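>>> Okay, here's the prediction I keep looking at, along with the sequence it came from:
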Amino acid sequence: MSIIINDFEKMNITKIKKAKNNKKLTVITAYDALFAKLFEEIADMILVGDSLNMSFAGRPDTLSATLDQMIYHTNAVCSGAKKAFVILDMPFGTYINKDEALKNSVKVYQETNAAAIKIEGGEDRAEIIKHLTSNSIAVMGHIGLMPQYVRSEGGYKVRGKTQEDEEQLIRDAIAVEEAGAFAIVVEGVMSNVAKRITKAVNIPIIGIGAGNVTDGQVLVWSDMLGLFEDFKPKFVRHYMQGASMVKEAVNQYRNDVQNSSFPSKEEEY
Ligand code: KIV
């Protein structure tokens, strides 16, 4: 198998914006140095998603992630993937108003090498995004199904099923673009609506659960490697049966320990 190394030397927001209509962008999450190093030369961007609160911390949703937790993981990712364009996902409650958002984003820039931050919200958060971008913070938007709204929305709901919601999503995308975001994640949206959103703005739309009509895709690394077994959302493709591979390997290790074939003569001092 050949690995196609990312043709961009080091990503920046100008190159990301130029990719629209030229090249599909591949985005993957990472939470640690080990995996970030494996992904760095393949993916265009690495997102330190607050999804880590679920898959790594075992919590039921993303809402209890803290800024310090995100900073810790972002530093690990940046150490492992020094050349990558790394985005820190601002956790719930850290951008409730313009001042808090700016204070916390400045803290991110001061304490990590993240190139950008991501915040959830459309028209409702446009003013906050504008305040950040006009103070030199690079912002990736996130509209559609927004996991940080799970409790206020009463669950994770696919968006764009009604005409009214479709129009709202278009307004959200335009508002986030006008506020100065360099790209937008569109999650859990009907693919015909994701297509309209992608055409409605001039910045890249990165889809997840939004069909193949967007300017790029993002997946949570542990989902796409098949490591997360609890459930498989419809939009996830398993590129590896990670969970069974890991369990088989650890089982083999246990067998080798029990029958004393590990360590061998070659593996001892
Ligand atoms: O937290 C996360 O990993 C995300 C992606 C699913 C886009 O926001």
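Alright, I've got the coordinates.

>>> Let me see the contact set for the closest residue to residue 229 other than its chain neighbours.
Distance criterion Cβ to Cβ, 6 or more residues apart in numbering; nearest residue to residue 229, sequence neighbours excluded, is residue 243 at 4.7 Å. (Each C-beta comes from the backbone N, C-alpha and C, glycine too.) For residue 243, the contacting residues are 226-229, taking Cβ atoms under 8 Å, 6 or more residues apart in numbering as the criterion.

>>> Could you do residue 212 as well?
Listed by Cβ under 8 Å, 6+ apart, the contact partners of residue 212 are residue 191.

>>> quick one: it and residue 258, what's the gap?
Applying Cβ to Cβ, to the nearest Å, one obtains 48 Å for the distance of residue 212 from residue 258.

>>> How about residue 118?
Distance from residue 118 to residue 258, by Cβ to Cβ: 47 Å.

>>> neighbour count winner among these two?
Comparing residue 118 with residue 258 by other Cβ atoms under 10 Å, the one with more neighbours is residue 118, at 24 against 9.

>>> Tell me the bridge partners for the more buried one.
Taking DSSP bridges, one obtains residue 89, residue 140 as the residues bridged to residue 118.

>>> Can you verify my assumption that it contacts residue 87?
Yes - taking Cβ atoms under 8 Å as the definition, residue 118 is a contact partner of residue 87 at 5.3 Å.

>>> tell me, what's touching these two both at once?
The overlap between the contact sets of residue 118 and residue 87 (Cβ under 8 Å, 6+ apart) consists of 47, 140.

>>> Could you count how many residues lie near the nearest residue to residue 232 once chain neighbours are set aside?
With Cβ to Cβ, 6+ apart as the criterion, residue 232 has its nearest non-adjacent residue at 7.1 Å, and that residue is residue 238. Here the neighbour count serves as a burial measure; for residue 238 (other Cβ under 10 Å) it reads 14.

>>> what sits against residue 238?
Residue 238 makes contact with 223-226, 232 under the criterion Cβ under 8 Å, 6+ apart.

>>> okay if I get those as JSON lines plus pLDDT and secondary structure?
What follows is those, written out as JSON lines (pLDDT from 0 to 100; DSSP: H, G, I helix; E, B strand; the rest coil):
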{"residue": "223", "pLDDT": "95", "secondary structure": "helix"}
{"residue": "224", "pLDDT": "96", "secondary structure": "helix"}
{"residue": "225", "pLDDT": "97", "secondary structure": "coil"}
{"residue": "226", "pLDDT": "96", "secondary structure": "coil"}
{"residue": "232", "pLDDT": "89", "secondary structure": "coil"}
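
>>> Give me the buried entries from these.
Of the members of these, the ones counted as buried by neighbours, 16 or more other Cβ atoms under 10 Å, are 223-226.

>>> tell me the pLDDT at the residue nearest to residue 229?
According to the prediction, residue 243 has pLDDT 97.

>>> Now it. Its backbone dihedrals?
Here the main-chain torsion angles of residue 243 (degrees, to the nearest 10) amount to phi -60, psi -50.

>>> swap in residue 86?
phi -110, psi 130.

>>> Does it touch residue 75 like I think?
No - between residue 86 and residue 75 there is no contact, the gap being 9.8 Å when judged by Cβ under 8 Å.

>>> the more surrounded of those two?
Residue environment comparison for residue 86 versus residue 75 gives the larger neighbour count to residue 86, 25 against 18, counting by other Cβ under 10 Å.

>>> Point out the residues in the stretch 51-200 of the chain that sit beside the ligand.
Proximity of the stretch 51-200 of the chain to the ligand, by Cβ under 6 Å from any ligand atom, involves residues 51, 89, 185, 187.

>>> switch to 8 Å and redo it
Counting by Cβ under 8 Å from any ligand atom, the stretch 51-200 of the chain comes close to the ligand at 51-52, 62, 89, 118, 120, 142, 147, 185, 187.
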